[in-house]
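> Next input, structure requested:
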Amino acid sequence: MTEPTGLRRWADEQRRDAAVSRGAPVPPMPGPTALALPGAASMVARSMAVPMRLLPLLSRIVRPISEFFLPAGPLVDRLEPLLAPGHAVLDLGCGKGGIARRIAERAPVFVTGVDAHAPFIESARRAAIGTAFGERCTFLVDDITAPGPWMRPADLVLALGVGPVYGALEVTLDFLATLVRPGGTLVWGRLVVPAARKVMVDRARETLAASGLTLHHVQTDWSEAERTVLAARAKSLAEEARALTVRSSTYAPDLDDFLKTWVDGVPRPGRLPVVVTARR
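Below you'll find the model as predicted:
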């Protein structure tokens, strides 16, 4: 997979700009973009490994990958000490904004979440309305593989569960590193087969070092507490999907196939998370 058009030029410009301003509060980004993104359906279906026919039900039957394979609590606990008032947070593939909102609730930062699936963004916006931190949250429907208004350096960049949308691992991390401000943090993660964990971490460490970032934390499995959360989510998902199957025979075969890919919240092929946190 080649790197998306326009991102390389933008990344090169960021590398040449050595004087990125820090310290001043960062206001929410203008927007939002339109709630109709051409080509988003196929992109979302591929990234979440679901049939296109299930997209109308996606917001109801499954949480975004970033919220499903990695419980937000422990992650936010680890990131909170790295954030200062006024910092900018960019969450790529934010889904329904669960992780982004929790960060904004815990720290006085400005959060921008970007996702291609409009129903997820609508849900994220509704959940932020009326909260004490809502004015510091901006959620955009946009394509994270193409230049857009979200593309500006941040103090914390999250890219969890977006898959290889930018190409190979090295290309992905090399690009994401250009979004991280001096002194900032990058969190990237995906699910892999257990045998590939060490190789992927080693490749990530080498690529990040070449981009001026140092590994701060590596997660290659779930704790018992996290597995308990994941199991509860899987049970909830199964109950909702079974209810939808009863009401709509049209979706029944696809829903049955989808449920068979998860066991206690963990993908059936035995994949485990590789989540790396790196600092500039």
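
> Tell me who's in contact with residue 97.
Taking C-beta atoms under 8 Å, 6 or more residues apart in numbering, we find residue 97 in contact with 91, 113, 120, 121, 123, 124, 125, 127, 128, 137, 139. Where you see a C-beta, it was placed from the backbone N, CA and C, and this is true even at glycine.

> in the stretch 151-280 of the chain, which ranges drop under the pLDDT threshold?
Within the stretch 151-280 of the chain, the stretches with pLDDT under 70 are 237, 240-241, 244-252, 254-270.

> neighbours around residue 154, how many?
A count of nearby residues for residue 154, using other C-beta atoms under 10 Å, gives 24.

> Which parts of this protein are strands?
Remark: strands assigned in the chain by DSSP state E are 88-92, 110-115, 137-141, 154-160, 180-192, 214-219, 262-263, 266-267, 272-279.

> Rebuild those strands as CSV, extending it with distance to residue 225.
Listed next are the strands of the chain as CSV, based on distance: least, C-beta to C-beta, whole Å:
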stretch, distance to residue 225
strand 88-92, 23
strand 110-115, 25
strand 137-141, 27
strand 154-160, 18
strand 180-192, 18
strand 214-219, 13
strand 262-263, 18
strand 266-267, 15
strand 272-279, 14
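
> For residue 239, which of those is the nearest?
Evaluated over those, closeness to residue 239 peaks at strand 262-263, with 12.8 Å, by C-beta to C-beta.

> orientation of the longest helix along the chain relative to strand 214-219 in degrees?
Ranked by residue count under DSSP state H, the longest helix found in the chain is helix 224-247. Calculated by axes from the mean of the first three to the mean of the last three C-alpha atoms, to 10 degrees, helix 224-247 forms an angle of 60 degrees with strand 214-219.

> about what we covered before: tell me which of the strands of the chain lies nearest to residue 227.
Closest among the strands of the chain, once you apply C-beta to C-beta, is strand 266-267, at 7.7 Å.

> mean confidence for stretch 76-88?
The average pLDDT within stretch 76-88 is 95.

> in it, what counts as buried?
76, 78, 79, 82, 83, 86, 87, 88 (16 or more other C-beta atoms under 10 Å).

> Which of those residues fall within helices?
Short answer: those in helices (DSSP H) are 76, 78, 79.

> Include distance to residue 160 when you put those into CSV, please.
Below are these laid out as CSV (distance: C-beta to C-beta, whole Å):
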residue, distance to residue 160
76, 12
78, 13
79, 12
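
> Between these, which sits nearest residue 197?
Using C-beta to C-beta, those come closest to residue 197 at residue 78, 18.9 Å.

> Quick check: closest non-adjacent residue to the closest one.
Counting by C-beta to C-beta, 6 or more residues apart in numbering, the nearest residue to residue 78 once its immediate chain neighbours are dropped is residue 217, at 6.3 Å.

> Touching, that neighbour and residue 204? I think so.
No - counting by C-beta atoms under 8 Å, residue 217 does not reach residue 204; the two are 12.0 Å apart.

> More neighbours: the two, which one.
residue 204 (21 against 14).

> Tell me how far that one lies from residue 87.
According to C-beta to C-beta, to the nearest Å, residue 204 stands 23 Å off from residue 87.

> Could you do residue 107 as well?
Applying C-beta to C-beta to residue 107 and residue 87 gives a distance of 7 Å.

> do residue 80 as well
Residue 80 is 11 Å from residue 87, by C-beta to C-beta.

> Find the residues that touch each one of these two.
residue 107.

> before we move on, back to that, need the overlap of contacts for residue 217 and residue 204.
Both residue 217 and residue 204 are contacted by residue 276, under the criterion C-beta under 8 Å, 6+ apart.

> can you redo the buried residues of stretch 76-88 as TSV with distance to residue 211?
Formatted as TSV, the buried residues of stretch 76-88 follow (distance: C-beta to C-beta, whole Å):
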residue	distance to residue 211
76	25
78	21
79	20
82	18
83	21
86	25
87	20
88	19
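
> And the furthest pair within the residues you listed?
78 and 86 (20.4 Å).

> Report the residue spans of the stretch 1-150 of the chain with pLDDT below the cut-off.
Low-confidence segments of the stretch 1-150 of the chain, defined by pLDDT under 70: 1-69.
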